[in-house]
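Trainee: quick one, fold the following:
(chains A, B and C)
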Amino acid sequence: MSIGKFLVKRLLQGVLVIWGVITIMFALRAVSPGDPANLIVGPAADPEIRDQVREQYGLNEPIYVQYVDYVQGMVTGDFGYSFQSSREVTTMVLERVPATLELAIAATIIAIVIAVPLGVISASRRNEPADYGATLFSLLGISTPNFWLGLMLILLFAIFLQDPMETYLGFTIPQGRRPVGFGEAMMTLVTTGYAGDLLTWVRHITLPAITLGTYFTAMITRLTRSGMIDEFGKPYVTATEAKGIPYVLIRYKHVLRNTMIPIITVLGLQLGTLIGGAVITETVFNWPGLGDRLIQALNARDWPLMQGIIVFIALGFVLINIAVDALYATLDPRVTNE
Amino acid sequence: MIPDRLESNLRQGFRESLLPKLGLVLLASILIMAIFAPVLATHNPTRTGYLDENGNSYPPLGTSYTTEIGQDGEFVEVEVESTSDHLLGTNDIGQDVFSRLVYGARTSMLVGLLGTGLAVLIGVPFGLVSGYYGGRVDDVMMRIADTMLAFPSLVLALALIGVFGSAGFGIPDPLTRFGLIDGMPESTTLPGTVTVVVALVTWVWFARVARGEAMSVRNEEYVTAARSMGASNWTILFKHVLPNSLTPVIVLATIQVAAVILLESSLSFLGFSGTTLSWGYDISRGQGYQRTSWWISMVPGLGIVFAVIAVNLLGDWLRDALDPNIEGEGGGA
Amino acid sequence: MTDTDDILRVNDLSTRFFTEQGQVNAVDELELRIERGEVFGIVGESGSGKSVTARSVIDLIDAPGEIVDGEIWFDDAELAERVREDAPDAVDGSFVDLLSVSSAVRQSLRGTSFSMIFQDPESSFNPSLTVGEQLAEAVEVQRRASANPRSTKAKTDSAEYSFGNLLLSTVLPSQQFVTEESRERAIELLELVGIPDPVERADEYPHEYSGGMLQRAMIAQALAGEPDVLIADEPTTALDVTIQAQILDLLDDLQTETGMTILLITHNLGVVARMCDRVGVMYAGEIVERGTLEDVFDDHVHPYTEGLLGSIPELGGANGQLEPIGGNVPSLLDHEMEDRCHFADRCPMAMEDCLDHPPEFDAAGSEDHTVRCVLATQSYTEREALPPNYFGDAERPAGEKHAEPAHSDGEQPAERTRTTISDSGGESR
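Mentor: Numbers count the residues shown, from 1 in each chain, chains lettered A, B, ... in the order given. Coordinates of the predicted model:
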């Protein structure tokens, strides 16, 4: 099977999955108790206005018509209107994407930059203090709820380090409004040469990114360690040593590369954990991302907004996993041939 | 359930490493805490008002903090001392933190074990059928599983709770019900919706493992032999295929208990739990007060960390000894 | 020692593995002498220590294994010059003791002075790099070594190819370890070992090769460094019978062409008969009988050699049947090894003298023929024979047979019980 065919197959599967997600979200809304019109105009509203609202949101149509309309809307990128604010859901989702993306990417970068070397050191110095340290760190890391970790980091900086950092590491963002996003900050830097905005951005993202990234750092450390130990035991490593090539090549070009191949797939699947983690991290730090908005939507039972956010997240998950599969296929030559 | 050849691995792992022992001791302590909560708790965990005369929370034993109170129209700084009555202090509404720590173990363990058990009951049959029948059946079932995987478990859990609300129901506590202990709650609230929801969002991992096992034994000779002797598919599934998949399912279940504990604590932290007697909820109580009353959040968090470490240590031990190559989802948090 | 042209002299080599079950004496005070340009075979059952011997020579013993004692003298005048300064004790004429030089020097010999062929080609290639790339790496080692005559020094300083180079190579092709010239040479090598369409095949991955083709590629890889000594560890065990002959032919041709020395490790006496000039029979970490092919095949003294010969179909037993050696491969755990002839518990002709560990005796045949068995100096007598259940093991072969007067006359066991092991080994498991 060529890599193209492989991707087409995965994309088709992805479309099915997204359709499933949309259907499940629709079904959940259909079975949820309560009249949505109440959520929009309040239970005390004039019945006439209510009816008007029901008409406007298509709530008087038979359920299958609603379903078809709904799926149609989703396919064309029209996620409907928020019950609460009457704004377009698509806009409300998209305007929150950058913040979440920045947080997730920053956390992933932190995780990979720390975890891979830590795993390599741990695996190559088995049963030495460095290994014990890394093992203890990763055990703690996978066992700590990140919302608690976030609170404790705030506590650490605010109280035990007697403040000064607090001003710099603006932990929580008062009105859920970041002073500056990465895109803007970069634009400022490029156009005017002023780096202050970028620094502000770094300050604000540091603690949330550490909070979100710790679990992944710990997990990747564990995976890298055990993967490298397994890999070192394989016969081809001995055979490669026998060739007399420099050790750095054996360790990184051969062993680490082969260790990372399966880890990439695991990371793709763990993306759900990353997004779940982002939701909760955002609420701790008032980070104005999708997760923060999702919790607001849930509390307000704002169905269109909730559906829009969740479908969007699922879409991202599916696309990234297809990308991961493609990466896997290019790294591991055996995949596409099977 | 566990084949003999693996038993020696388990023994060896236990003998040679400190970690499984530590995990067992930790887990045993937490289970004891959960079961004998009414005995161990010093106060009724739901009773409020354990505050000093100015309405301030007590800090943990041996610590103190300063705060400002209004007095005669002015703000005055006062020092709040700890009291031996409240080992770990009290929270913002004056509940005893230690007693809530003890009772919180109940919720975590109940949801962790019941939720995982329910996920096994859903996921394993699903996976076995999918893997055993293969073909179209497998295709359809695996697309369903993929769809479930496309939801981050915390997000799906939130959506489900958004629909069904978060109901809890009381389980009578025999220790108090029969008058053995006085002054403690007569029943423990099991967050029922949350338990079902965590099972609904985690069963897929069991389905994947069971499917893999079913596929690997489907064409084994003893299965073919059983089939040729006229055994029905269901007989074969339950007598031959199921026992074979138990080892990896047990390992995964252990790991998933940790994930479920984290997921439950996240849900209750966000305020979507069916009970207020939960570590996650207690952490959220301290959220506005970390500056002065740091213990309100810190203590229940340590409870979660220790519980999850205990389960993870046991999971590592089982995984190393039984070595099935499986991946579960990480914690929801 | 005689003044033959030796390339390798191994003295008193002991390699141990320190495992949780205890100390394993995989190789025990082993002596070995290999002449330049010959094919020396080491034959034995799995677990006899023959692979460990080979790996000790090329320095591929990993923890928990360790070479605890011995000398490995390697004849290389140029190397002797280079290390004389740093380690005068490690040099004797043109010989260098590889166990007394630094590990960096030893590693620098890999690929260039020694190379190795492994038994399972499929697991001995990295699955995610092309065969051509992996061959080119081996070529590159040789290219860099010959471009820089002081290569051992350079490697000692580890200045040759660092982590920095590796990082840079992700963006700068010029920083890659493998050069274009090496890739071209790799293709030539593939052609040399008889792989059709070498240009295309070089870009394929190991899983796209058949087992036989991959073994050819591994031979090409081993030849890349133009080694003085090629160690072939069960080079045909994992292959189909028809392919085995082709691979042996290839090795034979290449040896004739290049004149390199081959140390061949095998459990298959057929392979030994086909390839080797001299052979050592290994048992429980020792060479129990050694000599020329004729010595070992025709004039063997050791009952174990006899047993091995009996257990190969084409040379041994009647009706082409396999005649397995009774009993099990001995435990090499230090605390379970007694100070006696290690084969005594399986030997059909064990005597009281066998309770002492036998030295190497000269035996009839060529002057190289020696044997670690008392039968070299005395003949088997019923009177001194150990009772059949002496080792508390009912499986000791032929014991009960010898208890019967009818079979008590000869030195040879009349019959062997066909128990336990199914063939003479093979470390394919």
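
Trainee: checking the closest residue to A:A242 other than its chain neighbours next. Helix, strand or coil?
Mentor: Leaving aside its chain neighbours, A:A242 sits nearest to C:M116 (4.3 Å; criterion: Cβ to Cβ, 6 or more residues apart in numbering or on different chains). Every residue, glycine included, has its C-beta placed from N, CA and C. When states are read from DSSP: H, G, I helix; E, B strand; the rest coil, the local structure at C:M116 comes out as strand.

Trainee: which ones are touching C:M116?
Mentor: A:A239, A:A242, C:A54, C:I58, C:L60, C:A222, C:L230, C:I231, C:A232, C:D233 (Cβ atoms under 8 Å, 6 or more residues apart in numbering or on different chains).

Trainee: and for C:S48?
Mentor: Shown in contact with C:S48 (Cβ under 8 Å, 6+ apart): C:M282, C:Y283, C:A284, C:G285, C:V329, C:G425.

Trainee: burial of residue 122, as a residue count?
Mentor: Assuming you mean chain A. Neighbours of A:S122 under the rule other Cβ atoms under 10 Å in any protein chain shown: 27.

Trainee: try again with chain C
Mentor: 17.

Trainee: which of the helices or strands spans it?
Mentor: Using DSSP states H and E, C:E122 sits in helix C:121-124.

Trainee: how far is whatever helix or strand comes next after that helix from where the chain is centred?
Mentor: Remark: after helix C:121-124, the chain's next helix or strand is helix C:131-147, criterion DSSP H and E. In this view, helix C:131-147 has its centroid 24 Å away from the chain centroid, taken as Cα atoms, centre = their mean, to the nearest Å.

Trainee: about what we covered before: tell me the confidence at the residue nearest to A:A242?
Mentor: Model confidence at C:M116, given as pLDDT, is 91.

Trainee: what does A:N337 give?
Mentor: What the model reports as pLDDT for A:N337 is 47.

Trainee: still on that earlier bit, show me the two of the contacts of C:S48 that sit farthest apart.
Mentor: C:G285 and C:G425 (14.6 Å; Cβ to Cβ).

Trainee: more neighbours, the two?
Mentor: Neighbours were counted for C:G285 and for C:G425 using other Cβ under 10 Å; C:G285 has more, 27 against 24.

Trainee: verify the stated contact: the more buried one with C:S51.
Mentor: No - taking contacts as Cβ atoms under 8 Å, C:G285 lies outside contact range of C:S51: 11.6 Å.

Trainee: would you tell me which helix is longest in chain A?
Mentor: helix A:196-232 (DSSP state H).

Trainee: do it and chain B meet?
Mentor: Yes - judged by Cβ under 8 Å from any Cβ of the partner chain, helix A:196-232 comes into contact with chain B through A:Y215, A:M219.

Trainee: what mean pLDDT does the helix or strand that that helix is followed by have?
Mentor: From helix A:196-232 onward toward the C-terminus, using DSSP H and E, the following helix or strand is helix A:235-242. Here helix A:235-242 scores 90 as its mean pLDDT.

Trainee: what's the neighbour count on C:I67?
Mentor: When counting by other Cβ under 10 Å, one arrives at 19 neighbours for C:I67.

Trainee: show me what it bridges to in the sheet.
Mentor: Beta-bridge partners of C:I67, counted by DSSP bridges, are C:T15.

Trainee: show me the contacts of C:S48 that map onto helices.
Mentor: Using DSSP H, none of the contacts of C:S48 sit in helices.

Trainee: where does the prediction get shaky in the chain?
Mentor: Here I'm looking at chain A. A:1, A:35-36, A:39-40, A:43, A:159-177, A:335-338 (pLDDT under 70).

Trainee: wrong one, chain C
Mentor: Ranges of chain C meeting pLDDT under 70: C:1-4, C:148-160, C:311-324, C:326, C:392-429.

Trainee: name the residue closest to the centre of it, please.
Mentor: In chain C, the residue lying closest to the centroid (Cα atoms, centre = their mean) is C:I265, at 3.5 Å.

Trainee: try chain A
Mentor: Compute the mean C-alpha point of chain A, and by Cα atoms, centre = their mean the closest residue is A:I275, 3.3 Å away.

Trainee: helix, strand, or coil at that residue?
Mentor: Under the three-state scheme (three-state DSSP), A:I275 adopts helix.

Trainee: residues in contact with it?
Mentor: A:A104, A:G291, A:I313, A:G316, A:F317, B:P152, B:L154, B:V155.

Trainee: what number of residues lie near the first one?
Mentor: Burial measure for A:A104: 23 neighbouring residues, criterion other Cβ under 10 Å.

Trainee: now do the SS call for it.
Mentor: Classified using three-state DSSP, A:A104 is helix.

Trainee: which residues touch it?
Mentor: Counting by Cβ under 8 Å, 6+ apart, A:A104 touches A:L212, A:L274, A:I275, A:A278.

Trainee: swap in 6 Å and give it another go.
Mentor: For A:A104, the contacting residues are A:L274, A:A278, by Cβ atoms under 6 Å, 6 or more residues apart in numbering or on different chains.

Trainee: and it, how close does it get to A:G119?
Mentor: 21 Å (Cβ to Cβ, to the nearest Å).

Trainee: which strand or helix spans the nearest residue to B:S84 once chain neighbours are set aside?
Mentor: With sequence-adjacent residues excluded and distances taken as Cβ to Cβ, 6+ apart, B:S84 is closest to B:L61, at 6.2 Å. For B:L61, there is no host helix or strand (DSSP H and E).

Trainee: distance of B:L61 from chain C?
Mentor: 46 Å (Cβ to the nearest Cβ, to the nearest Å).

Trainee: what's the burial count for that residue?
Mentor: B:L61 has 14 neighbours, counted by other Cβ under 10 Å.

Trainee: can you tell me which residues contact the residue located most distally from the centre of chain B?
Mentor: Relative to the centre of chain B, and counting by Cα atoms, centre = their mean, the farthest-placed residue is B:D72 at 48.8 Å. If you count contacts by Cβ under 6 Å, 6+ apart, B:D72 has none.
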